[in-house]
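Trainee: Below are the sequence and a predicted model for it; my questions follow.
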Amino acid sequence: MSVKTFDTSSDLITVTDAAAEHFRQALAGTAYHGVRISVQESGCTGFKYVLKEADTASQGDVELTLSNNVRVYLEGKAVTFLRGTEIDFALEGVNRALKFNNPNVTAECGCGESFSVG
């Protein structure tokens with residue numbers, strides 16, 4: 001029998017260059033150096049993503065540092081929901097938005113506000 005080891009933080013999420021730059025610009029001129037991502041019960045489907053400016057990790061958070069030195073703090077309870085997610089910043093017509101391309105999502109509400117996982 002063999003034991004497989006892996007780096008849990010590198011396997012959690014992917015942040016595209018566009019999203020990393022969006023975070024950097026949003027934090028510019030503030031006292032914050034990072035973004036905390038959590039998941040909260042909400043909406044008609046079950047959960048929503050919550051992003052807040054942060055300067056330090058809270059107890060239980062997983063800390064990632066992006067290539068542009070922006071820190072991302074993943075709430076420990078949200079890791080199960082977020083594993084494998086790609087976060088992108090996309091231009092759709094005249095709108096710009098963060099996109100969570102989450103392979104764990106099994107359903108989304110019609111307005112895109114909430115999601116469920118299976």
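Mentor: Thanks, I have the structure now. Numbering: from 1, shown residues only.
Trainee: got a list of what the spatially most central residue of the chain touches?
Mentor: In the chain, the C-alpha nearest the mean C-alpha coordinate belongs to Ile37, at 5.1 Å (C-alpha atoms, centre = their mean). Contact analysis of Ile37 by C-beta atoms under 8 Å, 6 or more residues apart in numbering lists Tyr49, Val50, Leu51, Val72, Tyr73, Leu74, Glu75, Ala78, Leu82. The way it works is simple: take the backbone N, C-alpha and C, and place the C-beta from them, glycine included.
Trainee: Look at it and report its pLDDT.
Mentor: We have a pLDDT of 96 for Ile37.
Trainee: Give me the buried entries from the contacts of Ile37.
Mentor: Tyr49, Val72, Tyr73, Leu74, Glu75, Ala78, Leu82 (16 or more other C-beta atoms under 10 Å).
Trainee: what does the biggest helix by length in the chain rub up against?
Mentor: Longest helix in the chain, counting residues (DSSP state H): helix 17-27. Applying C-beta under 8 Å, 6+ apart, the contact partners of helix 17-27 are 15, 33-35, 53, 66-68, 70, 72, 87-90, 96, 98.
Trainee: quick one: which of those residues is nearest Cys44?
Mentor: Leu98 (20.7 Å; C-beta to C-beta).
Trainee: Quick check: buried residues in the longest helix of the chain?
Mentor: For helix 17-27, burial by neighbour count (16+ other C-beta under 10 Å) applies to Ala18, Ala19, Ala20, His22, Phe23, Leu27.
Trainee: Likewise for stretch 99-109?
Mentor: By 16+ other C-beta under 10 Å, the buried positions in stretch 99-109 come out as Lys99, Phe100, Asn102, Val105, Glu108.
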